[in-house]
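Q: Okay, here's the prediction I keep looking at, along with the sequence it came from:
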Amino acid sequence: MRPTRRDRPDTAARHVEGSAVAAPVWSVDPRTGKQREQVAVEATAQEVDAVVRAAHEARGALADRAVRAAFLRSAADRLEGARDRLVEAADAETALGPVRLTGELARTCYQLRAFADIVDEGAFLDVIINHPDATAAPPIPDLRRYKVPLGVVAVYSASNFPFAFSVAGGDTASALAAGCPVVVKAHPDHPALSELVARVVRGAAAHHGVPEAVIGLVHGFEAGVGLVGHPLVAAAGFTGSVRGGRALFDAAAARPAPIPFHGELGSLNPVLVTEAAAAERAEDIGTGLAGSMTMGVGQFCVKPGLVLVPSGAAGDGLVKSLTDAVSDTDPGVLLDHRMRDNFLTGVAERSALPGVESPVTPGAGGDHSVSAGFLTVPAGKLTEDGEHDLLLEECFGPVTVVARYEDEGEAEAVLSRLPGNLSATVHLSTEEAAGQGHGAELLARLTPLAGRVLVNGWPTGVAVAPAQHHGGPYPATTSTSTSVGGTAIERWMRPVAYQNAPEALLPPELRDDNPLGLPRRFNGQLER
């Protein structure tokens, strides 16, 4: 699971503003756990209301597609221009390192520009026009359909991606591209960075005459709860833990007018290694697994958390390769000390289960760091309900579980017990990948488990591309949508059809002469 917030600040530091109680928001150094500076105060209910209402009032400024495409590109340019300052602030609050953070900021800027291109193209509006046809049964009236923005979108920042899934990340970029103002609930692990990024994006908005209120920012746990319940919030995007995400999802559904809640909650990301693949390239698979499970100190949502490996000599070679590679991995700092405590508790509970061994013991690497490791267990212990079910839950940090299976039936029994995931991977031999054997059947078996199915690769590294899908069956996500890639924009729009509306009253997107030059389906024919 991915924790969504650290413990609240000391109540002794709270002060009264009118009738509401506010607590300071501190920037904290994850390398020492010490407070660095006060960044802001937690938003009161009145402040949340004011931010949401201001965003709602500003929504008309995003109606012009050309303006919002230019705004998105300017935001990318300005973020790049502030790179050194932003990366320094992000590293101080997350300890993720300048190299990783520079790459993540580049990805964030690429996302903004990619959505600007989508806005320019216009296909996301899904324009369909049908002229009347009295000969049809039943007769078809004049119908014109396209998609419109939902309204204010609440975005809940992630801890582990301070740029790409935060203030200017994919949820925000796709919502703005759809024409929706955004109110971001900042993550408590990087509040100072959140303020800096919001300031940069607001500057880009002002440059194009767009009210800065189109990108609101609030801090605090109660602010996040209040945000999802605000009557002017029309949808929400969330990346975090199963517990926190489910609570917000339930709150969104319990509103007098329920709203879409697109949450990414938790994922085990299973990997199946066939016996033939292990026999063919055990060393390569073991080394690749080590790199994937320890990448970013194991803090990626698509970290492979359960790996099914055959028993016998081929599997032994893979485990040896994994042992050597993980043993050479340096300790790392997790995003905050609460996550470190949860990691240490989680690996201790798993290591204590009967039949579980630790070829490389994960645990404390120092006062503030953790050491990577992995656990092994006979797959048969995972085929029935019991105390070993804990091994089928995500453990956030640099650890994975290697389950040794005796035959295909045992591996299948483990897979049948898994919940939904963001990814599922199979490693096949050269012959199996060429269609000889059960490769196609294995892909079909993994498809119901995940939103992305990989062959002979590793799930860490989610490309920002039109065909990408970053989502999956519950609890991986709470909807069938993606939070990465061009189709993420669809989450923030709804279709509307006009029937027998006079041409002069129609929005320009739906007029016969197509003044905006949009791709559309016109009387059954696709026009580009």
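A: Arrived safely. All figures in this text were calculated on a predicted structure; none of them were measured in a lab.
Q: how about the most far-flung residue of the chain relative to its centre, secondary structure?
A: For the chain, the residue at maximal distance from the C-alpha centroid (Cα atoms, centre = their mean) is residue 135, at 48.5 Å. When the structure is reduced to helix, strand and coil (DSSP: H, G, I helix; E, B strand; the rest coil), residue 135 reads as coil.
Q: Now do the helices in the stretch 301-450 of the chain.
A: 313-327, 337-351, 408-415, 430-433, 439-446 (DSSP state H, counting those that start in this stretch).
Q: Check the chain too.
A: If you assign secondary structure with DSSP state H, the helices in the chain sit at 45-57, 65-81, 83-94, 98-121, 170-178, 191-207, 221-229, 242-254, 275-294, 313-327, 337-351, 408-415, 430-433, 439-446.
Q: Nearest to residue 456 among those helices would be which one?
A: Ranking the helices of the chain by their distance to residue 456 (criterion: Cβ to Cβ) puts helix 430-433 first, at 6.5 Å. From N, CA and C alone the C-beta is placed, and that goes for glycine too.
Q: Centre of the chain to the closest one, how far?
A: Taking the mean of its C-alpha atoms, helix 430-433 sits 32 Å from the chain's own mean (Cα atoms, centre = their mean, to the nearest Å).
Q: And stretch 227-246, by the same measure?
A: Its chain's C-alpha centre lies 13 Å from the corresponding centre of stretch 227-246 when counted by Cα atoms, centre = their mean.
Q: what does stretch 76-94 give?
A: Using Cα atoms, centre = their mean, we find the averaged C-alpha position of stretch 76-94 to lie 20 Å away from the chain's own average C-alpha position.
Q: Export that stretch to PDB, keeping only CA atoms.
A: What follows is stretch 76-94 as a C-alpha-only set of coordinates in PDB (Å, rounded to 0.1, in the frame of the first residue of the first chain):
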ATOM      1  CA  ALA A  76       5.900  23.100 -19.600                       C
ATOM      2  CA  ASP A  77       8.300  25.900 -20.700                       C
ATOM      3  CA  ARG A  78       8.200  27.600 -17.400                       C
ATOM      4  CA  LEU A  79       8.600  24.400 -15.400                       C
ATOM      5  CA  GLU A  80      11.700  23.600 -17.500                       C
ATOM      6  CA  GLY A  81      13.000  27.200 -16.900                       C
ATOM      7  CA  ALA A  82      12.700  26.700 -13.200                       C
ATOM      8  CA  ARG A  83      14.200  23.200 -13.300                       C
ATOM      9  CA  ASP A  84      17.200  23.700 -11.000                       C
ATOM     10  CA  ARG A  85      15.200  25.300  -8.300                       C
ATOM     11  CA  LEU A  86      12.300  22.800  -8.500                       C
ATOM     12  CA  VAL A  87      14.700  19.800  -8.500                       C
ATOM     13  CA  GLU A  88      16.500  21.200  -5.500                       C
ATOM     14  CA  ALA A  89      13.300  21.700  -3.600                       C
ATOM     15  CA  ALA A  90      12.000  18.200  -4.500                       C
ATOM     16  CA  ASP A  91      15.200  16.500  -3.400                       C
ATOM     17  CA  ALA A  92      15.200  18.300  -0.100                       C
ATOM     18  CA  GLU A  93      11.700  17.000   0.600                       C
ATOM     19  CA  THR A  94      11.800  13.500  -1.000                       C
END
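Q: tell me which residues of it are tucked away?
A: The neighbour-count check on stretch 76-94 (16 or more other Cβ atoms under 10 Å) flags 76-79, 82, 86-87, 89-94 as buried.
Q: need those residues in a markdown table with pLDDT and distance to residue 509, can you?
A: A markdown table is the format used below for the buried residues of stretch 76-94 (pLDDT from 0 to 100; distance: Cβ to Cβ, whole Å):
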| residue | pLDDT | distance to residue 509 |
| --- | --- | --- |
| 76 | 98 | 26 |
| 77 | 98 | 28 |
| 78 | 98 | 29 |
| 79 | 98 | 30 |
| 82 | 98 | 35 |
| 86 | 98 | 36 |
| 87 | 98 | 40 |
| 89 | 97 | 41 |
| 90 | 98 | 39 |
| 91 | 97 | 44 |
| 92 | 97 | 46 |
| 93 | 97 | 43 |
| 94 | 96 | 42 |
